[in-house]
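# pasting the sequence and the predicted model now:
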Amino acid sequence: MKKYYLHNGVESSGPFDLAELQMKQITATTPVWFSGMPDWKTAGEIDELQSILKVIPPPFKSEVPKSIPEPQQEEKIEEENPKIMGLNKSTFYIVFIFVSLIIGSVILTIIQEKRRLDFEEKNDKTERENLQFELQEKEIQQQKQLLIEQQKQEAERITKERRAAINAKLSENQVKQIEYQTRLEEAKNKLVKASEFQFFRTADERTREINAIQAEITSYTNEIQSLENEANQLGLELEKIQLKERQNP
C-alpha cells in the first residue's frame, strides 16, 4: 500500500495511507508525494486520490462569466504551483541543494585545511625533536671524543715523562756503576798490596786491614750488582713502553 506525504508550504508531514489522507481533507491543490515520484505534485494530478479530495464549490455569482479572467487564471496557477520562501517548489529545492553543496564544500575544505595544518605542525614538531636529538647526540660524541683525546694526551705525557725518568735513571745508574767499578778495582789492588806488604805491621794489623778491604770489595760488588739489577728492570720497562708506542702510534 502506498504511503503519501503532504506539504503545507513550510514543512512536510506523513506518511499517510488513503484513510488517513481522507481524514486530512486534502484538496486538489494540496502538494502530495509518494515513493517513486520524481517531484511533488498536487493531489488533483494523482488519479488514485480523486475519490478522497474535498470539493470546494466556487463562490456564487449572479452572472457566470463566459471565460475566466486572467487574474483568476494566475491565481489558479499559483495554487497549483505553491511557493516556498517566495520561490517555486522546484526552484527552491534546486537552490537548496546548490547552497547545501556549497556549504558542505566549504566545511569539507575547512576540515581538510585544519587536518593539513595539524599534520604539518606534527611533522615540524617531529623534525625539531629529531634535530635536537641529533644535536645532542653529536655533542655527546664530541665530548666523548674530546675526553678520549685528553686521556690519550695525558697517557702520552705520563709515558713521555716516565721514559725520560727511566733514561735519566739509567744514565745515573751507569755513572754509579763506573764509579763503583773503579772503587772496586782500587780495593782489589789495595788487597793485593795489603796481602804482600808485611813490614812494620803485626799479624793482627795485617788481618784487620785485609778484612776491611775485603768488606769494601763486597760492598762495592753488592752495589754494582744492585745497580745492574735495577738497570735490567728499567730496561725491560723501557722496552714495554716502546712496544706499546709502536702498537698504538
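Great, that's in hand. Numbers count the residues shown, from 1 in each chain.

# ok, residue 4 - contacts?
Residue 4 sits next to 14-18, 21, 32-34, 49 when contact means C-beta atoms under 8 Å, 6 or more residues apart in numbering. Heads up, the C-betas are built off the backbone N, CA and C, glycines and all.

# need these in a markdown table with pLDDT, can you?
Listed next are the contacts of residue 4 as a markdown table, based on pLDDT from 0 to 100:
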| residue | pLDDT |
| --- | --- |
| 14 | 78 |
| 15 | 84 |
| 16 | 85 |
| 17 | 83 |
| 18 | 81 |
| 21 | 78 |
| 32 | 88 |
| 33 | 90 |
| 34 | 87 |
| 49 | 81 |
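
# name the helix or strand for residue 171, please.
helix 89-196 (DSSP states H and E).

# do residue 13 as well
Using DSSP H and E, the element containing residue 13 is strand 12-16.

# what comes up buried for that strand?
14, 16 (16 or more other C-beta atoms under 10 Å).

# what does the very next helix or strand once past that strand contact?
Using DSSP H and E, the helix or strand that directly follows strand 12-16 along the chain is helix 18-24. Around helix 18-24, the neighbours that count as contacts under C-beta under 8 Å, 6+ apart are 1, 4, 6, 16, 48-49, 52.

# centre of the chain to stretch 153-172, how far?
Computed by C-alpha atoms, centre = their mean, to the nearest Å, the chain-centroid distance of stretch 153-172 equals 50 Å.

# which residues touch it?
Outside stretch 153-172, the residues that reach it (C-beta under 8 Å, 6+ apart) are 230-231, 234-235, 237-238, 241, 244-245.

# just the element for the nearest residue to residue 191 once chain neighbours are set aside, please.
The shortest distance from residue 191 to any non-neighbouring residue, by C-beta to C-beta, 6 or more residues apart in numbering, is to residue 213 (4.5 Å). Per DSSP H and E, residue 213 falls inside helix 203-247.

# tell me the angle that helix makes with helix 89-196.
Angle of helix 203-247 versus helix 89-196, following axes from the mean of the first three to the mean of the last three C-alpha atoms, to 10 degrees, is 160 degrees.

# any weak-confidence spans in this structure?
Scanning the chain for pLDDT under 70 picks out 1, 54-86, 197-201, 249.

# per the record, what domains does it have?
1-55, 125-247 (automatic domain parsing).

# what is the nearest of the contacts of residue 4 to residue 191?
Distance to residue 191, by C-beta to C-beta, is smallest for residue 15 among the contacts of residue 4, at 146.1 Å.

# confirm for me that the closest one is in contact with residue 3.
Yes. Under the criterion of C-beta atoms under 8 Å, residue 15 makes contact with residue 3 at 3.3 Å.

# who touches both of these two?
residue 34.

# so the spatially closest residue to residue 90 that is not a sequence neighbour, which state does it fall into?
Spatial nearest neighbour of residue 90, chain neighbours left out: residue 39 (6.3 Å); criterion: C-beta to C-beta, 6+ apart. Counting by DSSP: H, G, I helix; E, B strand; the rest coil, the backbone at residue 39 sits in coil.

# same question, residue 28
coil.

# returning to what we had before: so what touches the strand holding residue 13?
Residues outside strand 12-16 that contact it (C-beta under 8 Å, 6+ apart) are 3-7, 24, 33-34.

# and that strand, how far from the chain's centre?
Chain-centre distance of strand 12-16: 59 Å, with C-alpha atoms, centre = their mean.

# that strand - which strands sit beside it in the sheet, and in what orientation?
strand 4-7 (antiparallel) (DSSP bridges).

# run the chain-centre distance for the strand it pairs with.
Its chain's C-alpha centre and that of strand 4-7 lie 61 Å apart, by C-alpha atoms, centre = their mean.

# this completes my enquiry, with thanks.
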